[in-house]
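Chemist: kindly return the folded structure for what I paste below:
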Amino acid sequence: MGSRAAQITETMPLPPGGREVGAAMRQTRKWPTLLVYHRDGTELVELRPGVRQVIGRTSPSDVQIDDDSLSRQHACFTLLESGGVRVEDLGSLNGTWVQGERVTEGVARIGDEVMLGRVIITIGERAPEASLLPGLLSYERLRSTLEDEVVRARFLGRNAAILMVQAGGRESVHVSRWLSRVQAELRPIDKVGVYSLDAVAVLLPEATLGVACDIAQKISEPKEGGPTLLVGVAASPEIATSAEKLLEACRAALQRAAPGRPVQSMPGGPWTWGSPSGQPNAIEQPVVESAAMRQVFMTVARLARSSIPVLLQGETGTGKEVIARALHEQSARHARPMVCVNCGAIPQQLVESTLFGYERGAFTGAVQQQKGIFEAAEGGSVFLDEVGELPLAAQAALLRVLETRRVARVGSTKEIDVDVRLIAATHRDLEAMAASGSFRLDLLFRLNTMTLDIPPLRERVEEIEPLAMRFLQLANQANERRIQRIQPDALALLRSYPWSGNVRELRNAIERAVVIAEGDSISVHDLPERVRAQGRIGSHAAKEVLVASAEPAPANDAGGLRARMQSYEAQAIVEALRASQWNQTEAARKLEMPLRTLVHRMKVLGIKKLGFGTAEPPSQSHPSDEGGSDDEPDE
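Modeler: Residues are numbered from 1 along each chain as shown. Prediction:
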């Protein structure tokens with residue numbers, strides 16, 4: 001997180017007068033604390049009688065916050081015998097402010113607000129037995145937890161949701177002034193993280209879209225004297241099935257909220273309409289700066305002249321839907337609808353009724369006739385995203401549609417002619433799935449008449465800057481900001497970061513940077529911690545810095561879900577490699593993943609580096625260990 005709070009032991013000898021103050025504090029059962037809000041999260045600093053706490057940007061400050069608005073040693077806080085807190089400015093450049101007034105030395109009371117540069121500190125109190133942690137995670141820790149929760153929910157067929165909360169009105173209102181209203185409506189399992197100094201994100205495990213909206217409504221209920229709280233809602237699998245897409249959808253929903261409609265979610269359902277005619281919007285316009293993407297779009301132009309099925313293969317977030325839309329817009333079908341379907345978001349029992357429609361009375365709740373996506377897209381295109389997630393029964397029905405160009409609604413035997421162009425996409429290895437029996441080989445033959453491989457963003461570095469600038473302009477419009485540029489050192493970090501979430505991860509990073517940036521440019525300090533960590537210690541360690549974020553994992557967390565998942569992933573890859581005599585192509589087939597993804601995951605996990613390149617790796621080796629050979633995996 002870029003901050004470090006000094007530890008003070010209970011056995012530290014009290015300074016003169018400290019015993020009297022300590023006795024007074026014990027009698028009132030309350031202890032003054034500093035709750036420090038900064039762009040990467042919060043720090044809770046407990047004050048002790050007579051002990052100075054210096055806050056600044058670097059050592060020897062007791063509490064170090066990586067914020068360039070702070071001086072190296074900015075201000076000092078000392079608990080007084082009266083119970084107040086002496087605040088001393090230490091010659092800082094940007095000054096120290098108590099309750100809106102600049103001071104060289106002053107006294108703050110419980111409930112007061114102190115500002116050091118852009119860092120806001122509230123003087124609070126707590127009972128001696130209360131937890132030191134304020135329950136507010138850094139954005140990086142919350143994002144990491146969200147990734148784990150989405151994986152868990154998808155694997156177990158469960159639900160998860162996320163909220164973004166911000167005070168409405170022309171002037172921004174700091175999180176510290178309304179956070180308690182949010183926390184009061186949450187369940188014990190929910191987690192809150194800082195998105196910016198005036199917005200928070202809330203992770204709701206085991207929450208459907210309906211449950212999340214109910215919680216959001218309670219949060220948004222007006223409170224006398226308090227600001228109006230606006231809430232954006234997104235849920236998995238109803239809205240999205242990846243962490244980055246959930247964040248993107250939730251942020252878009254928040255931008256639609258207003259005081260008269262304080263709770264907003266993106267349109268629900270597993271399918272959405274594409275542009276029926278005309279030009280795609282700004283986010284859908286492709287950026288083509290690399291040789292690899294130029295080749296992709298040359299192929300798109302050729303394929304647009306036909307109606308054969310196309311299979312798009314690439315990692316999550318690479319822009320497969322953008323390619324699909326370009327294929328539709330350049331074809332003779334561009335004046336007709338394009339319907340986009342996330343196959344992973346359809347409940348298994350509703351797959352066929354979603355794809356092919358249903359008749360009234362076909363099942364409980366079917367109160368009226370409903371067209372499926374193939375009928376809805378008549379004359380146009382159907383984009384099946386994550387087609388590998390379809391259950392076998394739906395695969396068989398889809399195969400019949402491709403062979404006969406007819407559909408039968410659920411509850412009817414009547415077949416209806418359909419004229420659509422099918423575009424499918426996946427991040428999985430469908431050939432390996434077909435070999436294992438989880439994907440129909442005959443359907444694969446129908447789908448991959450033409451296959452397009454979409455390169456990951458790390459293989460088209462030339463496009464990072466133009467994409468980032470486009471996202472900057474879009475974020476300016478959405479957030480009413482006027483950020484003009486990205487500073488050169490920040491651009492260098494963006495180019496060097498591997499972007500495992502690809503274009504969508506880059507967009508989310510730029511959107512947040514625009515929100516929290518000061519001045520007219522994005523600096524290194526505005527980038528996510530994981531990107532800054534990449535610049536400090538290199539790609540192999542960046543992942544571990546993210547996992548070992550500034551907030552410690554709970555004592556009973558057994559190393560954290562992410563660490564266990566990485567360990568399991570590394571073990572699965574090693575076992576597949578051994579079973580394949582270290583033939584990476586064969587191992588990728590066994591693991592049902594593209595070869596490119598396998599090679600990348602081996603690099604990220606440091607498998608060869610940590611001794612996994614031998615037939616019997618050392619027993620002490622572990623994906624998170626340090627040391628070992630510097631060799632890279634064979635490609």
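Chemist: name the SS class of the residue nearest to the spatial centre of the chain, please.
Modeler: By CA atoms, centre = their mean, the chain has its centre lying nearest to residue 244, at 3.9 Å. Secondary structure assignment for residue 244 (DSSP: H, G, I helix; E, B strand; the rest coil): helix.
Chemist: contacting residues around it?
Modeler: By CB atoms under 8 Å, 6 or more residues apart in numbering, the contact set of residue 244 is 316-317, 501, 504-505, 508. To be clear about C-beta, it is placed using only N, CA and C from the backbone, and glycine gets the same treatment.
Chemist: what score does it have for pLDDT?
Modeler: pLDDT, residue 244: 92.
Chemist: and it, how close does it get to residue 238?
Modeler: The gap separating residue 244 from residue 238 is 16 Å, by CB to CB, to the nearest Å.
Chemist: do residue 409 as well
Modeler: Distance, residue 409 to residue 238, using CB to CB: 23 Å.
Chemist: got it, and residue 344?
Modeler: Counting by CB to CB, the gap from residue 344 to residue 238 is 11 Å.
Chemist: neighbour count for the two, which is higher?
Modeler: residue 238 (24 against 18; other CB atoms under 10 Å).
Chemist: pull the CA atoms of stretch 198-216 into CSV?
Modeler: What follows is stretch 198-216, C-alpha atoms only, in CSV (Å, rounded to 0.1, in the frame of the first residue of the first chain):
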residue,chain,number,x,y,z
ASP,A,198,-14.9,10.2,-2.0
ALA,A,199,-16.0,6.7,-3.1
VAL,A,200,-15.8,3.1,-1.7
ALA,A,201,-16.3,-0.3,-3.2
VAL,A,202,-18.2,-3.1,-1.3
LEU,A,203,-17.8,-6.8,-1.9
LEU,A,204,-20.9,-8.9,-1.1
PRO,A,205,-20.1,-12.6,-1.1
GLU,A,206,-23.1,-15.0,-1.6
ALA,A,207,-25.3,-12.1,-2.8
THR,A,208,-27.6,-12.3,-5.8
LEU,A,209,-28.4,-9.1,-7.8
GLY,A,210,-31.7,-8.8,-5.9
VAL,A,211,-30.0,-9.1,-2.5
ALA,A,212,-27.3,-6.6,-3.6
CYS,A,213,-30.0,-4.1,-4.7
ASP,A,214,-31.8,-4.5,-1.4
ILE,A,215,-28.6,-3.6,0.5
ALA,A,216,-27.9,-0.7,-1.9
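Chemist: so which of the contacts of residue 244 are in helices?
Modeler: 504-505, 508 (DSSP state H).
Chemist: got the buried residues for stretch 427-447?
Modeler: By neighbour count on 16 or more other CB atoms under 10 Å, the buried set for stretch 427-447 is 427-434, 439-440, 443-444, 446-447.
Chemist: okay, those in a markdown table with distance to residue 575, secondary structure and pLDDT next?
Modeler: What follows is the buried residues of stretch 427-447, written out as a markdown table (distance: CB to CB, whole Å; DSSP: H, G, I helix; E, B strand; the rest coil; pLDDT from 0 to 100):
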| residue | distance to residue 575 | secondary structure | pLDDT |
| --- | --- | --- | --- |
| 427 | 22 | coil | 92 |
| 428 | 19 | coil | 90 |
| 429 | 17 | coil | 90 |
| 430 | 22 | helix | 92 |
| 431 | 20 | helix | 90 |
| 432 | 15 | helix | 89 |
| 433 | 18 | helix | 91 |
| 434 | 21 | helix | 92 |
| 439 | 22 | coil | 95 |
| 440 | 27 | coil | 95 |
| 443 | 29 | helix | 95 |
| 444 | 26 | helix | 95 |
| 446 | 33 | helix | 94 |
| 447 | 29 | helix | 93 |
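Chemist: now the helices: where do they sit in the stretch 451-600 of the chain?
Modeler: Using DSSP state H, counting those that start in this stretch, the helices assigned to the stretch 451-600 of the chain run over residues 464-479, 488-496, 502-516, 529-537, 539-547, 561-579, 584-591, 595-605.
Chemist: the nearest residue to residue 463 once chain neighbours are set aside: how many residues sit nearby?
Modeler: Excluding the flanking residues, the one nearest residue 463 by CB to CB, 6 or more residues apart in numbering is residue 289, at 4.5 Å. Counted with other CB under 10 Å, the neighbours of residue 289 add up to 15.
Chemist: give me the distance between residue 289 and residue 82.
Modeler: For residue 289, the distance to residue 82 - CB to CB - is 64 Å.
Chemist: and what of residue 163?
Modeler: Residue 163 is 41 Å from residue 82, by CB to CB.
Chemist: domain parsing for the chain?
Modeler: Domain assignment for the chain by automatic domain parsing gives 3-126, 136-267, 272-453, 457-547.
Chemist: tell me which of those lies nearest to residue 584.
Modeler: Closest to residue 584 of those, according to CB to CB: domain 272-453, at 12.4 Å.
Chemist: and the closest one, how far out from the chain's middle?
Modeler: Offset of domain 272-453 from its chain centre (CA atoms, centre = their mean, to the nearest Å): 26 Å.
Chemist: just stretch 201-213 next, same as before
Modeler: 15 Å.
Chemist: next: stretch 146-164.
Modeler: 11 Å.
Chemist: related to what we said a few turns ago, tell me the spacing between the residue nearest to the centre of the chain and residue 380.
Modeler: Using CB to CB, we find residue 244 at a distance of 28 Å from residue 380.
Chemist: ditto for residue 595
Modeler: Counting by CB to CB - residue 595 and residue 380 are separated by 34 Å.
Chemist: so which of those two has more stuff around it?
Modeler: Each of residue 595 and residue 380 has its neighbours counted (other CB under 10 Å); residue 380 has more, 22 against 16.
Chemist: quick check: closest non-adjacent residue to that one.
Modeler: Counting by CB to CB, 6+ apart, residue 380 lies nearest to residue 336, which is 3.4 Å off, once chain neighbours are set aside.
Chemist: that neighbour: neighbour count?
Modeler: Residue 336 has 18 neighbours, counted by other CB under 10 Å.
Chemist: wait, it touches residue 382, no?
Modeler: No. When contacts are counted by CB atoms under 8 Å, residue 336 is not listed as touching residue 382 (11.0 Å).
Chemist: and stretch 368-383, how far apart are its ends?
Modeler: End-to-end span of stretch 368-383 (CA to CA, to the nearest Å): 26 Å.
Chemist: what does stretch 340-356 give?
Modeler: End-to-end distance of stretch 340-356: 14 Å, with CA to CA as the criterion.
Chemist: ok, and what's touching that stretch?
Modeler: Outside stretch 340-356, the residues within contact range by CB under 8 Å, 6+ apart are 154, 236-241, 270-274, 321, 324, 362-363, 366, 370, 372-374, 382-391, 393-394, 397-398, 401, 407-410.
Chemist: low pLDDT regions in the stretch 51-200 of the chain?
Modeler: Along the stretch 51-200 of the chain, segments meeting pLDDT under 70 span 126-135.
Chemist: walking through it, point out its strands one by one.
Modeler: Secondary structure of the stretch 51-200 of the chain by DSSP state E, counting those that start in this stretch: the strands cover 53-56, 63-65, 75-79, 85-89, 96-98, 101-103, 105-108, 113-116, 119-126, 136-137, 160-167, 191-196, 199-205.
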